[in-house]
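Asks: 3D model of this:
(one chain, ligands or ions: 2)
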Amino acid sequence: MKKLLVKYASEISLKGLNRKVFEDLLIKNIKERIGKNHKITKDLGRIFIDDYDEYMLNKITKVFGVQSVTVADVTEKDIEKIGMAAVSQLRDMDVKTFKVETKRADKSFPMNSLEVSREVGGYILKNISDIKVDVHKPEIIVNVEIRENAYVYSKEYKGAMGMPYKSAGKGVLLLSGGIDSPVAGYMMAKRGLEIVCVYYHSHPYTSERAKEKVIDLAKKLSEYTGRIKLYVVPFTKIQMEIIEKCREDELTIIMRRFMAKIAEEIAKKEGGLCIVTGESLGQVASQTLESMYVTTNGINMPIFRPLVGMDKVDIMDISRQVGTYDISILPYEDCCTIFVPKHPKTKPRLKDIENSESVLNKEELIKEAVENSDIIDI
Ligand code: ATP
Ligand code: MG
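Replies: Numbering: from 1, shown residues only. Ligands and ions are numbered 1, 2, ... in the order given. Coordinates of the predicted model:
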């Protein structure tokens, strides 16, 4: 018999009394991804799934909190049977060197770990020609775990790591069509933060295709998180008001203050406690320290910028790994690139900006934008 064996991140096993809560959430998240009708059990730091296919294996590697997934042979706790399973796995692999590692969770088993490894290693050497033991740099490690049954596995598929999704509260992610914000969302979701996405849409200045692109990015993120809610906030009226009534070089910063405030309102409505953006210090005029200071002044919840200290090339690397890069580089305009001042202020002063804004009916504009948002279930 074969089962999928899922190892979870050691951070979860260190959770002490809360450990069960994290484990159960992880199992719930896995179930949500592969379908409820699979039998999932847990045993001392491991999760087992009875029936499986390749497709499922790939899905589970994307669940946050998973360290690795492997297909294990399940045998009786009999050294000959364990050896046979190991041999059949290695035969399929065409490797020249190996090492056996054993974990004995069932301490009543009469042989200790070293003895099991030695016996199984001997069995492999006897039954496969042209193969050697290499304890330092083996091509493959054959793992044996002695539990209520014996489990034998070799090839492990790396999981997404992190903490179970939804184990760390909820926040709002400002998701644009760019490279950065999907990565920021991924990083926070990976730490367990449940994400509600918010996209500011400037119809008709930004096209339906720009919106579709954001939807596609949210879909890609949902491969890791499961279902996501996306708010599409109508932003044109606000931008028009700003353009009409405020100084040209302050357009971007005032617009960003609206974005932050709307995000806060949506977070409150959704029971969220933080805002996440894809900003990185100094990347563009609106991401200088002075701009960030003014943008989020007056927001009463934490603002997470997980990319703040990262270089663009490194952010791009992560976006390729996550799979959002190819969507992000599609050339559709976003609301900020359409309404950019020629010389945006890089060192705005809070007092000046508050002054400029005072001619706008901020509260009403914000309320209206939130109320008229489209909510899409991804
Ligand atoms: P990104 O690659 O994420 O678009 P960027 O480098 O283009 O980032 P900006 O356009 O200055 O940077 O945006 C900074 C952050 O503000 C974005 O990472 C995102 O979190 C948020 N943001 C910008 N535009 C929008 C939008 N139209 N809808 C939602 N959030 C936005
Ligand atoms: Mg952008």
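Asks: so which bits of this structure are right by ligand 1?
Replies: 174-176, 178-181, 198-200, 277-279, 283-284, 286-287, 334-336 (C-beta under 6 Å from any ligand atom). Backbone N, C-alpha and C define where each C-beta goes, glycine included.
Asks: for ChimeraX, write a command that selects the buried ones of those.
Replies: Burial among these is assessed by 16 or more other C-beta atoms under 10 Å; the matching ChimeraX selection reads:
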select :174,175,176,178,179,180,181,198,199,200,277,278,279,283,286,287,334,335,336
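Asks: which ones among the residues of the chain next to ligand 1 lie within strands?
Replies: If you go by DSSP state E, those have L174, V198, Y199, Y200 in strands.
Asks: give me the phi and psi for P234.
Replies: Backbone dihedrals for P234, given as degrees, to the nearest 10, come out at phi -70, psi 120.
Asks: quick check: phi and psi at D377.
Replies: Dihedral angles for D377 - degrees, to the nearest 10 - are phi -90, psi 120.
Asks: make 33 the starting number, not 1.
Replies: Sure, I'll start counting at 33 from here, so that last one is D409.
Asks: list the contacts of it.
Replies: For D409, the contact set (C-beta atoms under 8 Å, 6 or more residues apart in numbering) comprises R259, I260, K261, L262.
Asks: quick one: which of those is most hemmed in?
Replies: L262 (25 neighbours; other C-beta atoms under 10 Å).
Asks: contact partners for that one?
Replies: L207, V228, C229, V230, Y231, V246, I247, A250, I407, I408, D409, I410.
Asks: quick one: the first one and A295, what's the gap?
Replies: L207 sits at a distance of 10 Å from A295 (criterion: C-beta to C-beta, to the nearest Å).
Asks: likewise the last one?
Replies: Taking C-beta to C-beta as the measure, I410 falls 18 Å from A295.
Asks: check the fourth one too.
Replies: V230 sits 6 Å away from A295, going by C-beta to C-beta.
Asks: need the residues touching each of those two.
Replies: By C-beta under 8 Å, 6+ apart, the residues touching both V230 and A295 are V204, L206.
Asks: tell me which element S149 falls in.
Replies: helix 145-159 (DSSP states H and E).
Asks: over to I385?
Replies: helix 382-389.
Asks: what residue in the stretch 83-232 of the chain comes nearest to ligand 2?
Replies: Residue nearest to ligand 2 within the stretch 83-232 of the chain: G210 (3.4 Å; C-beta to the ion).
Asks: from the middle of its chain, how far away would the helix holding S149 be?
Replies: Put simply, helix 145-159 sits 40 Å off its chain's centre (C-alpha atoms, centre = their mean, to the nearest Å).
Asks: for that helix, buried residues please.
Replies: Buried-residue list, helix 145-159, by 16+ other C-beta under 10 Å: S145, V148, S149, E151, V152, G153, Y155, I156.
Asks: does the fourth one touch I111 like I think?
Replies: Yep, that's E151 we're talking about. Yes. With contacts counted by C-beta atoms under 8 Å, E151 reaches I111, the gap being 5.0 Å.
Asks: which neighbours do these two share?
Replies: By C-beta under 8 Å, 6+ apart, the residues touching both E151 and I111 are M143.
Asks: hey, where'd the helices end up in the stretch 183-332 of the chain?
Replies: Counting by DSSP state H, counting those that start in this stretch, one finds helices in the stretch 183-332 of the chain at the ranges 212-222, 240-257, 268-277, 283-302, 321-328.
Asks: out of the ones you listed, nearest to ligand 2?
Replies: When the helices of the stretch 183-332 of the chain are compared (using C-beta to the ion), the closest one is helix 212-222, at 6.9 Å.
Asks: is ligand 2 contacted by the closest one?
Replies: No. Using C-beta under 5 Å from the ion, helix 212-222 never reaches ligand 2; the gap is at least 6.9 Å.
Asks: next, the angle helix 240-257 makes with that helix.
Replies: Counting by axes from the mean of the first three to the mean of the last three C-alpha atoms, to 10 degrees, helix 212-222 lies at 20 degrees to helix 240-257.
Asks: buried set for the helix or strand A117 falls within?
Replies: Using DSSP H and E, A117 sits in helix 111-123. Applying a neighbour-count criterion of 16+ other C-beta under 10 Å, one finds I111, I114, G115, M116, A117, A118, V119, Q121, L122 buried in helix 111-123.
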